[in-house]
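Peer 1: take this sequence and fold it.
(one chain, ligands or ions: 1)
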Amino acid sequence: MLTIWVHPLGLAAVTRVLSGIQPSGELNLGTYLGALRRFSQGSGDDDSYFCIVDLHAVTVPQEPAQLRARTLSTAALYLASGLDPETATIFVQSHVPEHTELGWLMECTASFGELSRMTQFKEKSDGREFVSAALFTYPALMAADILLYNADRVPVGDDQKQHLELARDLAIRFNSRYGAVFTVPEPDIPRTAARVMDLQEPTRKMSKSVESPQGTVLMLDPPADIERKFKRAVTDAESEVRFDPSAKPGVSNLLSILGAATGHDPASLAGTYSQYGPLKADTAAAVIALLGPIQERYAALMADPGHLTDILAKGASRAREVAAPTLERARTAVGLLPR
Ligand code: AQP
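Peer 2: I've put the predicted structure just below:
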């Protein structure tokens, strides 16, 4: 049942929340702290939709069996991280065909110029022999993912800020051309660990699909691996522990992770350390404590894949109940003849 909250401006509204993660690799600590952890930190009264964005994943080639396995494993990690399928709608993007249809309308609303300015496209296409057209247009599909549910709030990491801005611009443009169809969404970016960096290359984001086995802490890494990765994390030639992301990216990244894991401010944590060794050991211990219970729940969930597919099937049908009428309103507004 949905609870109505009163908007600060006096308008009654239900907060719609939507976010998604691509099953494009093993989920890592960055994805968890930047996005997944916050999926289950809503007010409890939110009307929430969390999808596994498999259509985004196939913008770059995926091995089919691995994609299927990762889609299910991502669903298990959503649940293991605290999402309750009774209160949140959890589904696979490609199970709700309204996403691709509204995606087309969003491609018609976005300009070539604004898609060309997306920095993630530049990064992801750089050095690739084959660059799909979908990799270029994917931010329009992401806008559709959000606008279909008229989401108010979108919890994402800092790297998705530009795509969220685009989704807002497209909603505003569509509404001004055709009438008020979409809610203009607000990004919800965490204050700490909004961009977790690679432990070996701390000026680069920790990423699912970039090969950096020693620089990436996976959500399902055993404790010994987590300890080893933090122990070998790149810092710098000094020994002063100071939170200064531009001058000391490695040390600041460790402080951010420790801060996010323990609920403390990274800059004030810096004052409690005089050496890098204890900072690394404490960060590893805090991450192990954070991920341990999730790993246990994950193992139990993966033992019953039928239960997971049931949850995803129910989620898709609940999602369609919201997505289909929004798409219909958008189709009508544009002038497409009713089917
Ligand atoms: N390193 C990170 N720090 C904080 N947040 C992060 N996110 C991803 N990496 C970090 C957030 O997690 C969500 C996942 O989004 P996505 O699956 O669409 O992928 P992405 O943003 O492109 O992240 P990746 O890991 O780099 O995936 P690939 O390599 O497949 O593109 C988003 O909210 C993101 O901000």
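Peer 1: what residue, apart from its backbone neighbours, is nearest residue 107 spatially?
Peer 2: Nearest residue to residue 107, sequence neighbours excluded (Cβ to Cβ, 6 or more residues apart in numbering): residue 140, at 4.5 Å. All C-beta spots, glycine's among them, are computed from the backbone N, C-alpha and C.
Peer 1: surely that neighbour meets residue 170?
Peer 2: Yes: Residue 140 lies in contact with residue 170 (Cβ atoms under 8 Å); the separation is 7.2 Å.
Peer 1: those two - which one has more neighbours?
Peer 2: residue 170 (27 against 24; other Cβ atoms under 10 Å).
Peer 1: hmm, the helix or strand hosting that one touching the ligand?
Peer 2: Following DSSP states H and E, one finds residue 170 within helix 161-178. No: between helix 161-178 and the ligand, judged by Cβ under 6 Å from any ligand atom, nothing touches; the nearest distance is 8.3 Å.
Peer 1: what's near enough to touch whatever residue of the stretch 51-200 of the chain ends up closest to the ligand?
Peer 2: Per Cβ to the nearest ligand atom, residue 157 is where the stretch 51-200 of the chain lies closest to the ligand, at 2.3 Å. Contacts for residue 157 were tallied using Cβ atoms under 8 Å, 6 or more residues apart in numbering; they are 30-31, 34-35, 189-190, 194-196.
Peer 1: in this structure, mark out all the helices, start to finish.
Peer 2: 29-31, 37-39, 54-57, 64-80, 98-109, 112-116, 119-125, 133-147, 161-178, 223-231, 249-262, 266-270, 276-302, 305-334 (DSSP state H).
Peer 1: and the fourth one, what other elements does it pack with?
Peer 2: This points to helix 64-80. Packed against helix 64-80 by the contact rule (3 or more Cβ pairs under 8 Å, 6 or more residues apart in numbering; DSSP states H and E) you find strand 47-52, helix 54-57, strand 88-92, helix 276-302, helix 305-334.
Peer 1: how deep is residue 339 tucked in, by neighbour count?
Peer 2: By other Cβ under 10 Å, the burial measure for residue 339, its neighbour count, is 5.
Peer 1: let me fix that, I meant to ask about residue 151.
Peer 2: Residue 151 has 24 nearby residues by other Cβ under 10 Å.
Peer 1: which residue is the nearest non-sequential neighbour of it?
Peer 2: residue 18 (3.8 Å).
Peer 1: who does residue 187 form a beta bridge with?
Peer 2: Counting by DSSP bridges, residue 187 is bridged to residue 154.
Peer 1: contact partners for the residue of the chain at minimum distance from the ligand?
Peer 2: Closest residue of the chain to the ligand, Cβ to the nearest ligand atom: residue 34 (1.9 Å). Neighbouring residues of residue 34 by Cβ under 8 Å, 6+ apart: 156-159, 190, 193-196.
Peer 1: one more time with 7 Å
Peer 2: By Cβ atoms under 7 Å, 6 or more residues apart in numbering, the residues touching residue 34 are 157, 190, 193-196.
Peer 1: by neighbour count, which of those wins?
Peer 2: residue 196 (26 neighbours).
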